[in-house]
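> this is the structure alone, sequence omitted:
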């Protein structure tokens, strides 16, 4: 109140200014009173009633997008969406409030439809959306599953500080898939990866690329209705699948195998997990495109995975003249094999001379060197194939292993060990 004291004129009026601090007050009308009392010889008092209203800018929705792709368009039941506003007409509080152990205490089984004084209502059903994040300029919410009965369109209204926003009209669709990424709807998909043996290999990125045959774990929203849907329910089973059926995935425009799909365990209903195997034949050493189609609708453009260069192992080189010694564990005899080995890529072949065995004095053979060291040679001794298997040394100059022969005939199930040395190189 200003002034707080003074002398009134004998006639006319006397102005008093009243100011109120609205900090912490909600939007409504407040009533109060001011008592003016005389001092000294001026006696008596009077009461002046005052009224003031606390108001706020009307919240205004400017845009609604898919919560993963940030693309505008029709919305589907259960889809995670982002609602946007400008700075002059905020739709939520400052600072922001997000889903946490405070807003959804453990065990969090159902996400609330009220957060930070904000609600989002879908009309005409009058159903409120589960809320994941609220701030002055953005709200992340889940489209209620009830919109599937609304027909071709619904409207969304934000309620904040006792005021309702504009009714933002949205078209509806069965599915509206969006892949979650690490960069606001484009770029590398937000996904974990596992190698061909099932070992966890971290999150896919340019510095941590995947390889063909690996499995990627994608997260998608907009997959549409699910059985026995409950708005805001946190998924507690790995068997909940979209009613429209399985998705298909393309990587570098090639079909990829979907190993698993279903609502993501431990996350609010409306987020789907998809495990997909990277196909062979894709381009490597680059970022390849990835897209997902479900219910006839396809995810956003511009989503990629990082793929490592293919490392081809150079086969061990056996080309040259060799001398082998073998020791039978069945008949107790030892024999030697000498000859020249030719090699083309992984394939080896040649004609070998044999001494010390009554079964053959020479044998044609063929075989392979797998990777850099695994060796298999098949010796044809007068129609009987004796299999020599073993390991080629890293320098390619020696080898050793075991052999076995078929039953019957001269070799009669013989088996034993062998070793060899290269005495010269070249085909």
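Yep, it's here. If you're wondering where the values come from, they're calculated on a predicted model, not measured in any experiment.
> what's stretch 181-190 in contact with?
Stretch 181-190 is contacted by residues 66, 68-71, 178-180, 203-206, 216, 218-219, 287, 290, 300-306 when judged by C-beta atoms under 8 Å, 6 or more residues apart in numbering. Placement of C-beta: from N, CA and C, glycine included.
> 10 Å instead, please
Contact with stretch 181-190 is made by 65-71, 82, 178-180, 191, 203-206, 209, 216-220, 287, 290, 292, 299-306, as judged by C-beta atoms under 10 Å, 6 or more residues apart in numbering.
> what's the average pLDDT for it?
For stretch 181-190, mean pLDDT rounds to 96.
> and it, what's buried?
Neighbour-count burial for stretch 181-190, with 16 or more other C-beta atoms under 10 Å as criterion, is recorded at 181, 185, 186, 187, 188, 189, 190.
> again, but for stretch 277-293
For stretch 277-293, a neighbour-count test (16+ other C-beta under 10 Å) marks 277, 278, 279, 282, 284, 287, 288, 290, 291, 292 as buried.
> for residue 105, give its distance to residue 129.
Computed as C-beta to C-beta, to the nearest Å, the residue 105 to residue 129 distance reads 20 Å.
> neighbour-wise, which of these two wins?
residue 129 (24 against 8; other C-beta atoms under 10 Å).
> for that one, give me phi and psi.
phi -90, psi 140 (degrees, to the nearest 10).
> now do residue 146
Torsion angles, degrees, to the nearest 10, at residue 146: phi -70, psi -10.
> one more: residue 145?
phi -60, psi -20.
> hang on, the earlier thing: of the contacts of stretch 181-190, buried ones?
65-70, 82, 178-180, 191, 204, 209, 216-220, 287, 290, 292, 299-300, 303-306.
> and those, which of them are in strands?
65-66, 82, 178-179, 216-220, 287, 290, 292, 303-306 (DSSP state E).
> what's the burial count for the nearest residue in space to residue 404 that is not next to it in sequence?
With sequence-adjacent residues excluded and distances taken as C-beta to C-beta, 6 or more residues apart in numbering, residue 404 is closest to residue 415, at 4.3 Å. By the criterion of other C-beta under 10 Å, residue 415 has 15 neighbours.
> now for the residue minimising distance to the centre of the chain: which residues touch it?
Central residue of the chain (C-alpha atoms, centre = their mean): residue 191, 2.7 Å from the mean position. Contact analysis of residue 191 by C-beta under 10 Å, 6+ apart lists 179-182, 203-205, 210, 215-219, 273-276, 290, 305.
> any idea how far apart the tips of stretch 352-363 sit?
The first and last residues of stretch 352-363 sit 5 Å apart, counting by C-alpha to C-alpha, to the nearest Å.
> in a strand, residue 147, correct?
No. Counting by DSSP: H, G, I helix; E, B strand; the rest coil, residue 147 is not part of a strand but helix.
> list the contacts for it?
75-79, 122, 125, 127, 129, 153-154, 156, 170, 172-173, 225.
> the residues you listed in strands, which ones?
Using DSSP E, those in strands are 122, 127, 153, 154, 156, 170.
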